[in-house]
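>>> Predicted model, plus sequence, below.
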Amino acid sequence: MSIEKMAKKANELREKGHANREISQEMHLSEATVEWLLAREASKDFTGQLPPDVKVGWRTIGVSGSRISSIAEIMADVILEEQEKREFDFDMIAGVTNNGVPLATIISDVLGVDFGMIRPSREGTETNFASNYAGLKDKNIIIVDDVISTGSTTKEAINFVKESGGIPQLVMVLINKKADDDLAGIPLRALIRARPVRN
């Protein structure tokens, strides 16, 4: 997607009432990049420098249930590898809405553990969990999402799990755009790491 198309998309989402954080989650970009795109769209004379970022799209996987299932099985295998290496127990997979939920649902089935859903805060709301699914209290939890850009949403999910009486053991994502191998002291694993190359 070109810079022009990304700027137009960010602006369309902004006009629909989305906050910068929501736009960054929807477009899989950092908030700094979203702010740059919106500033660029607002002024044709804008000369600010684009922050380093990586645009992530995994629609090729997302349009097919069997592809999502195959990726989730690989993620489940990595979780078991981490469990053996780090010697922790888990009895729940918690998907972060929206994009972590399909992966987490299948992983929980493959691994035979409870499934839960964490909803990160949006403008005017607080982090919560969907009560139709397993609760977090007294559970050893693997948090699953699709992409980590800045890590703010995942850190929010980690803190929410702790505040709800759960124990986060691992964060498992499809793509990690950060250099970190942990977030808020919780191990982080990804199938793919994507980082900009800088001088």
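Okay, I see it.
>>> Quick check: the gap between Met92 and Arg86.
Counting by C-beta to C-beta, to the nearest Å, the separation of Met92 from Arg86 is 17 Å. Backbone N, C-alpha and C define where each C-beta goes, glycine included.
>>> Which one of these two is surrounded by more residues?
Higher neighbour count among Met92 and Arg86: Met92, with 25 against 10, using other C-beta atoms under 10 Å.
>>> Phi, psi for the more buried one please.
phi -160, psi 140 (degrees, to the nearest 10).
>>> That one reaches Gly112, doesn't it?
No. Applying C-beta atoms under 8 Å, one finds Met92 not in contact with Gly112, separated by 11.2 Å.
>>> hey, C-alpha coordinates of the strand or helix carrying Thr105 in CSV?
Using DSSP states H and E, Thr105 sits within helix 100-111. Provided in CSV are the C-alpha atoms of helix 100-111 (Å, rounded to 0.1, in the frame of the first residue of the first chain):
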residue,chain,number,x,y,z
GLY,A,100,-5.9,-12.5,18.1
VAL,A,101,-9.3,-14.2,18.7
PRO,A,102,-9.4,-16.6,15.7
LEU,A,103,-5.8,-17.7,16.3
ALA,A,104,-6.4,-18.1,20.1
THR,A,105,-9.7,-20.1,19.6
ILE,A,106,-7.9,-22.7,17.5
ILE,A,107,-4.8,-22.8,19.7
SER,A,108,-7.0,-23.5,22.8
ASP,A,109,-8.7,-26.3,20.9
VAL,A,110,-5.4,-27.8,19.7
LEU,A,111,-3.9,-27.7,23.2
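>>> ok, residues contacting the helix or strand bottoming out on mean pLDDT in the chain?
Least confident helix or strand, the chain: strand 128-129 with a mean of 76, by mean pLDDT, DSSP states H and E. Applying C-beta atoms under 8 Å, 6 or more residues apart in numbering, the contact partners of strand 128-129 are 94, 116-119, 135-136, 160, 164.
>>> out of these, which are inside strands?
Per DSSP state E, strands hold the following members of the contacts of strand 128-129: 94, 116-119.
>>> Which one among those residues sits at the bottom for pLDDT?
Note: of those, the lowest pLDDT belongs to Arg119, at 89.
>>> Remind me what the top helix by length along the chain packs against, helices and strands.
Longest helix in the chain by number of residues (criterion: DSSP state H): helix 65-86. Contacts defined by 3 or more C-beta pairs under 8 Å, 6 or more residues apart in numbering; DSSP states H and E place helix 65-86 against helix 59-62, helix 100-111, strand 167-176, strand 186-193.
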